[in-house]
Each structure stands twice: as structure tokens, then as C-alpha cells.
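Trainee: Sequence and computational prediction follow.
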Amino acid sequence: MLTIFLFRDDLRLEDNPGFTKAARSGPVLPLYVLDDAAMTDDLDDPHRLGGAARWWLHHSLASLDGALRERGSRLTVMRGDPFVIVTDLVRSTNAAAVHLSRGYSPWDVELERRLNETLAADGKILRRFGGRLLFEPESVSTKSGDPFKVFTPFWRACQTLDDPSGHTAPPDDVAAPDSSPDGVAIDTLGLLPHDPDWSTGIAAAWQPGEAGARIRLENFLDDAADDYGKGRDVPSIAGTSRLSPHLRWGEISPRTIWQAVRQRTPQPRGAEAYLRELGWRDFCHHLLFHFPTMPVSPMREPFDAIDWCNDAQDIRRWQRGRTGYPIVDAGMRELWRTGWMHNRVRMAAASFLVKHLLTDWRIGAAWFMDTLVDADPANNSAGWQWVTGCGTDAAPYFRVFNPTLQGEKFDADGAYVRHWLPTLGDVETKYIHKPWEAPADAQPDYPPPIVDHKTARQRALDRFGVVKSAS
Ligand code: FAD
């Protein structure tokens, strides 16, 4: 009997238990549906796929299709409403079951609910499998059965559960159905940019697909995992795994990563710190699952009362990396060029937009969603809410990062900002994060700060004062 496997954010064959089970039980129709709702022009819609994410998806689908063809199958790609397409296909192919890896966003959950209801009414089965997280949301709760809102106790509770190492071997062969719907060519989905094609820097930085994910993992374990505890705070070096886009698209499972780290002998010195970050990823997804409005509403309501400035010119300067603060500008340039930004710099750049420029965090989150290759509704909205102070486990609202000190702390020799802002290449190290203080005859061709730190900090504290009671 035929099974339809609906790929979503799990574009891999390795450790994809629902796919393997389908392939072992008989012919399988591997399907990807590009959801029309994700192709909306509305930048504020958290379901929207951003430009960089679309680029990644195109290449990831091509890679998955290649892997399936090596096993005697192929990926059927369609565009439209996934619910309509899947239910129509079940009827036209007379499939007995649909398998998928469960998702945690409101639209994933809703699709699963509707499919389950409709298929059951037709005597068919929807089977939902884990694999996108280390721990399922239902398996981690407080003593009173509520979801955790703070990371440390959440992670402590996770560590009392079974070791999440997991590996389902990919099937050697995938039996194709007698006839498959034609679908559409990946090239016709309109995922790649043109006029202009801004993807050159992104293409040079990344290799989407399972093979690219494996290479990143091996490189990280060989070169950076030992020193991760310290190296992860240095944006000028490859001190982190850069697996985030591969995890976002499910080209590698967090359980595979967990297992690879645990099986390394000797254990990398940075193993615990690294696995904890995978824990943060789980935590953000659990939060989104339990609080589906997280991408659009502050988790602490009083933050709705903040009177944002939302100055269009300031926002533009931030997006273009022209704020006059090198660590912020270098980060925004790295993001624009490669579709990725170092975590430390994400925090500094996001904080600057929200606190120094008094911009609604949702505006920054939308820009990140449009430009990050790892744009992820769970991690991104949790990250922005953390920086703003309105998340459940967030930095206090009165913490206003000083962008100069952040630069001096995490990029002491200025290597990171010199790389992304070549105009600062010759600036003396003592001025590299405050070039406006360099002697007049050594001033670089670089804009002055668009706001004075002290003034902006006080303004932020005044405006954020309305939420005092929430903290
Ligand atoms: P590593 O340090 O190697 O960590 C391994 C993995 O753990 C990452 O790939 C990621 O999946 C997970 N992880 C690490 N840090 C975090 C974190 N703070 N929260 C949740 N998961 C984490 N991450 C995204 O994947 N997508 C986003 O859209 C996103 N937006 C962010 C926005 C802001 C404002 C902030 C402050 C952080 C955001 N992050 C986001 C989290 C973090 O910056 C990235 O996951 C990390 O920089 C990715 O690099 P890496 O793979 O080298 O991380």
C-alpha cells in the first residue's frame, strides 16, 4: 500500500524516522508542497519565507531530490495549499497513509490537525513522527504540568529524560509508486532572486543539503568543539558550528548532532556548552508550540505600551550597516552578504535597534526573517523577545548593551569589524570600536554615530519605564 511522505522542515533522509518507516513498508510518494501562504508579500507575516530562506529552500529541495533519485525515487514538488494538495493526492493515488515529521509552529500544528481529522474520516491514517527536536514538548513540563518558561529549569528537566541520541539509517532503496503526479520543476517555484541576483555571497558561504550539513558538523568537531566554550564568543573566528541553517531546514537532525558529539572520544571540552545551545533551540520551539503568538506579541503584555519611535531613516541605516557603531554595522554587513550573523553580534545589533533607536522589535525580527538563511520563527522571535526584555526568560529591559564596549569585549583586536568594514582597515586598534575618537588626520571614511550612546540609553530607560511592573 502506498504511503505519502510529506516533507516540510525535515529535508533529509538520514534520521528521518517517518520517511524510513514509509520506505520500509512499501512504495512511497515523497512530496514537498510549497505553501502559497509562505510566499506572501506581507513581511510581517511570521509564516512568510524570507528571501534568503527561499534561496536556501531551492537548493535544499534540489539536493533532496538528488538523494532520492540515487535511491530509485524522486521528489514530487507542488505549490498551493498543502491541505488541499495532500487530501486530493490521497484520493487520487489511493494512498493508505500519510507520514510526516511533526512541526511546532501554529501553521504546522493546524495542518496536522486538519489532515488528521479529514484522513481519519476517509479511513486513512496520518502518522506524525518526532525528529525535529531532541525532546517533544509533551515530555518536558513543570511539576504542575505547565510548560517551562525559564531555560535553566527546562534544561535540568530535559537532562533527566532518556539520552536523545538517535539515528535511523536512511533507506538504501525507495520504491516508487506505479505512477506519480507530475508536480512542478523546482526551478519554476520562483524561490531564487533575480533582477538583481543578490545571492553570490550567500552561495559562496554555504552548501545547502545533507552533505553540506555533515561537512559542517565534522569540521566543527575536528576544529572548534574543544574550544567552543570560549570560541563561541569571538565573531572573527569560526568558533561555532554554523549548523543553524541546516538545522532550520532539517537537513540534519539535532539527535544526529547530539550522538556525534557524545560519540567523540575524547569528549570535546566544549561538548556540554554546545549541547546546551541545542537545548536553547528546543526551548524556543517548545515556547512557540505552547505560545503560538510569540512571533507577533510580546510574552509580557506591558511591553505593548511602549511608545516606539520607528524612525524610517534610522531603520534604513541599521539595515544597511551605517549606524556609525562598527560592531553593529559589521554584523549587518555580514548578514547582508552571507545570510548569517554571529550570535554575539545578533544580540548587539538587535539591542541597538530596539534600545538605541527605539524601534519595535517586530520590525527587526521581520528584517532578520527576510535576510537570514537560518530564519526560524521560533529561534528568531525568542531571540528578539530576549533582547527586548519582553520574553519569558529574557534580559532585563533596563540592560542596554553599549555597542562600543560590546565590540571591545568580543572583538578586541577589531579583526571582525576590519573584515566586514574594510574602510576601518587602518584604524588604530584603540579606536577601532570608536573611530569618531581617532585624531582628525586619521579619521576613516565612516559615518559618525547616529545616536550618542549615553543619550540613547537614557531615552530607552525612560520609554521602557512603562513596563517596570512587568520585570
Ligand atoms: P552554534 O553556537 O554552533 O549552536 C548550535 C545550534 O544551537 C545552532 O545552530 C542553533 O540551532 C542552536 N542555537 C544556538 N544559539 C541559540 C539561541 N540563542 N537560541 C536558539 N537556538 C540556538 N537562530 C536561528 O537558528 N534562527 C534565527 O532566526 C535566529 N534569530 C536570532 C535572532 C536574535 C535577535 C538572536 C539574539 C538570536 C537568534 N538566533 C537564531 C540564535 C543564534 O544566534 C543562532 O542560532 C546561532 O548564531 C547560529 O549559529 P551556529 O549554528 O554557529 O550556532
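Mentor: On my side now, so go ahead. Numbering: from 1, shown residues only.

Trainee: and stretch 97-112, what's its mean pLDDT?
Mentor: In this model, stretch 97-112 carries a mean pLDDT of 98.

Trainee: Ends of it, what's the gap?
Mentor: Here the two ends of stretch 97-112 are set 13 Å apart, with distance taken as C-alpha to C-alpha, to the nearest Å.

Trainee: List the buried residues for it?
Mentor: Neighbour counts over stretch 97-112 (16 or more other C-beta atoms under 10 Å) mark 97-108, 111-112 as buried. C-beta coordinates here come from the backbone N, C-alpha and C atoms, glycine included.

Trainee: could you dump these to a markdown table with distance to the ligand and secondary structure?
Mentor: Shown next, in a markdown table, are these (distance: C-beta to the nearest ligand atom, whole Å; DSSP: H, G, I helix; E, B strand; the rest coil):
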| residue | distance to the ligand | secondary structure |
| --- | --- | --- |
| Ala97 | 31 | strand |
| Val98 | 28 | strand |
| His99 | 24 | strand |
| Leu100 | 21 | strand |
| Ser101 | 16 | strand |
| Arg102 | 18 | coil |
| Gly103 | 15 | coil |
| Tyr104 | 13 | coil |
| Ser105 | 13 | coil |
| Pro106 | 17 | helix |
| Trp107 | 16 | helix |
| Asp108 | 16 | helix |
| Leu111 | 21 | helix |
| Glu112 | 22 | helix |
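
Trainee: so which of those comes closest to Leu133?
Mentor: Leu133 has its nearest neighbour among the buried residues of stretch 97-112 in Tyr104, at 7.4 Å by C-beta to C-beta.

Trainee: For the closest one, give its distance to Leu288.
Mentor: Distance from Tyr104 to Leu288, counting by C-beta to C-beta, to the nearest Å: 6 Å.

Trainee: intersection of neighbour lists for those two?
Mentor: Both Tyr104 and Leu288 are in contact with Ala378, where contact means C-beta atoms under 8 Å, 6 or more residues apart in numbering.

Trainee: Other residues contacting stretch 131-149?
Mentor: Counting by C-beta under 8 Å, 6+ apart, 9-10, 15-18, 101-104, 130, 153-154, 157-158, 161, 164, 166, 168, 250, 253-255, 258, 278-279, 281-283, 285-287, 289-291, 299, 392-393 sit against stretch 131-149.

Trainee: quick one: average pLDDT of it?
Mentor: Averaged across stretch 131-149, pLDDT comes to 96.

Trainee: What separates the first and last residues of it, distance-wise?
Mentor: End-to-end distance of stretch 131-149 (C-alpha to C-alpha): 23 Å.

Trainee: Show me which parts of that stretch are buried, residue by residue.
Mentor: Gly131, Arg132, Leu133, Leu134, Phe135, Glu136, Pro137, Val140, Pro147, Phe148, Lys149.

Trainee: Repeat that for stretch 164-173.
Mentor: For stretch 164-173, a neighbour-count test (16+ other C-beta under 10 Å) marks Pro164, Gly166, Thr168, Pro170, Pro171 as buried.

Trainee: So, low pLDDT: which residues of the stretch 301-450 of the chain?
Mentor: The stretch 301-450 of the chain contains no residues with pLDDT under 70.

Trainee: what residues does it put near the ligand?
Mentor: 343, 346-347, 350, 368, 372, 374-376, 379-380, 383-384, 387 (C-beta under 6 Å from any ligand atom).

Trainee: burial measure for the residue in the chain that the ligand sits nearest to, as a count.
Mentor: Using C-beta to the nearest ligand atom, Gly383 is the residue of the chain that sits closest to the ligand, at 2.6 Å. Using other C-beta atoms under 10 Å, Gly383 has 23 other residues around it.

Trainee: Not including adjacent chain positions, what is the nearest residue to it?
Mentor: Using C-beta to C-beta, 6 or more residues apart in numbering and skipping the chain neighbours, the partner closest in space to Gly383 is Arg346 (6.5 Å).

Trainee: what ranges do the strands span in this structure?
Mentor: For the chain, the strands defined by DSSP state E occupy 3-7, 28-35, 76-80, 97-101, 125-129.

Trainee: Can you say which of those strands is nearest to Leu461?
Mentor: strand 28-35 (42.1 Å).

Trainee: What about the closest residue to Trp280 other than its chain neighbours, how many residues nearby?
Mentor: For Trp280, ignoring the flanking residues on the chain, the nearest one in space by C-beta to C-beta, 6+ apart is Phe151 at 6.5 Å. Residues contacting Phe151 under the criterion other C-beta under 10 Å number 19.

Trainee: wouldn't Phe151 be in contact with Gly279 here?
Mentor: Yes: the criterion here is C-beta atoms under 8 Å, and Phe151 meets it with Gly279 at 7.5 Å.

Trainee: picking up where we left off before, distance to Pro46 for the buried residues of stretch 97-112 - can I get that in TSV?
Mentor: What follows is those, written out as TSV (distance: C-beta to C-beta, whole Å):
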residue	distance to Pro46
Ala97	30
Val98	25
His99	26
Leu100	20
Ser101	20
Arg102	19
Gly103	13
Tyr104	13
Ser105	8
Pro106	8
Trp107	9
Asp108	12
Leu111	15
Glu112	18
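
Trainee: Cool, thanks, talk later.
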